[in-house]
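J.: pasted the sequence and its predicted model underneath.
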Amino acid sequence: MPLMGPREMFEAAYAGRYAVGAFNVNNMEIVQGIMRAASVEKSPVILQVSAGARKYAGQAYIMKLVEAALSEDPAVPVVVHLDHGPSFEMCRDCIDGGFTSVMIDGSHLSYEENVALTKEVVDYAHTKKVWVEAELGKLAGVEEHVHSVEHVYTDPEQAVDFVRRTGCDSLAVAIGTSHGAYKFKGDARLDFERLEAISDKLPGYPLVLHGASSVPQEFVSLCNKYGGQVGGAKGVPEDMLRKAAAMGVCKINVDTDIRLALTASIRQFMAEHPEHFDPRAYLTPAREAVKNMVAHKIRNVMGSSGKA
Ligand code: G3H
Ligand code: 13P
Ligand code: ZN
């Protein structure tokens, strides 16, 4: 199956009250781990590439990895998506380079500037039949180019105006999630009333949840046991993500959990086998750890198993 855009995936997800997982990719082992999980689970999947991933691996390398993955698992429906595109130019380069979906992240701009930048990307992308995700509201935490100390939750009325004026195809909303491994100081809380209000005002419209890693404590413990320092890390409980998926959230973003799974496995291997220095020795179980984590998520959080 060739690369596809998200439209059919999201229509099916919206109707079936499940979500499609969007997993960040940075190298071959991560692409393989995710794709093997999607293949076993017979699930659609979104492979997303951040500006940082593009810089690290190079866009051409990532696209070749995705191409290889598609030929190995032709039955898996795959979207390649730019995550947190910082500028019109980067979105255009990705569109021209074969991405089937881009995100333009104007969440750090004023409302009017966000509208204008998003519309500029939409106008270009739609001439090439490429999907555009935008963001309204701010997630607390650090991203490559956006730093916000405080959450600014998405206003439901403004969301309607934003979608109407920009023509964006999906919208990332801020309801209390944040990027990274330290999402909540006390109990986890998401503003589901707000999510419901946004979803009610935009019936049938696909919403996106960023910062949706669950930070599994087994990986945190393994990292810490083998010399890591990720104490106090906390993510979004899985039942909250399932609830969001049933409320119009069609795309759920996961990066931190991949990093944790990979790093925990490598730390453990290094500690238990200090004599090894062949990268294949430690990257094989690390890739398997990514695959198992993603398979668990597809099955138990996204609900997209068997939807390929
Ligand atoms: O939203 C941010 C993603 O986790 C990507 O992170 O910019 O470090 O690649 P990155
Ligand atoms: P996490 O840091 O929770 O994995 O969020 C990833 C994300 O939103 C990528 O855009
Ligand atoms: Zn994000």
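T.: Structure's in. What do you need? Ligands and ions are numbered 1, 2, ... in the order given.
J.: verify the contact between residue 169 and residue 202 for me.
T.: No: proximity of residue 169 to residue 202 does not meet the contact threshold set by C-beta atoms under 8 Å, at 11.8 Å. For every residue, glycine as well, the C-beta is placed using N, CA and C.
J.: so residue 53 is in which element?
T.: According to DSSP states H and E, residue 53 maps onto helix 51-57.
J.: ditto for residue 115
T.: When secondary structure is defined by DSSP H and E, residue 115 falls within helix 111-127.
J.: what residues does the stretch 151-300 of the chain put near ligand 2?
T.: With C-beta under 6 Å from any ligand atom as the criterion, the stretch 151-300 of the chain comes near ligand 2 at residues 179, 180, 210, 211, 212, 213, 253, 254, 255, 256.
J.: among these, which ones are buried?
T.: Neighbour-count burial (16 or more other C-beta atoms under 10 Å) applied to those gives 179, 180, 210, 211, 212, 213, 253, 254, 255, 256.
J.: spit out the contact partners of residue 96.
T.: With C-beta atoms under 8 Å, 6 or more residues apart in numbering as the criterion, the residues that contact residue 96 are residue 128.
J.: got a pLDDT number for it?
T.: Among the per-residue scores, residue 96 holds a pLDDT of 98.
J.: pipe the buried ones among the residues of the stretch 151-300 of the chain next to ligand 2 into CSV and attach secondary structure per row.
T.: Compiled in CSV, these are given as follows (DSSP: H, G, I helix; E, B strand; the rest coil):
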residue, secondary structure
179, coil
180, coil
210, coil
211, coil
212, coil
213, coil
253, strand
254, strand
255, coil
256, helix
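J.: could you list the low-pLDDT ranges of the chain?
T.: By pLDDT under 70, the low-scoring segments of the chain are 142-149.
J.: what parts of it come near ligand 1?
T.: Those residues of the chain that sit near ligand 1, judged by C-beta under 6 Å from any ligand atom, are 24, 50, 52, 53, 83, 84, 143, 144, 179, 255.
J.: count of residues packed around residue 204?
T.: Residue neighbour count, defined by other C-beta atoms under 10 Å, stands at 10 for residue 204.
J.: direction included, what does the helix or strand following the helix holding residue 115 pair against?
T.: Next along the chain after helix 111-127, taking DSSP H and E as the criterion, comes strand 131-136. The pairing partners recorded for strand 131-136 under DSSP bridges are strand 101-104 (parallel), strand 170-173 (parallel).
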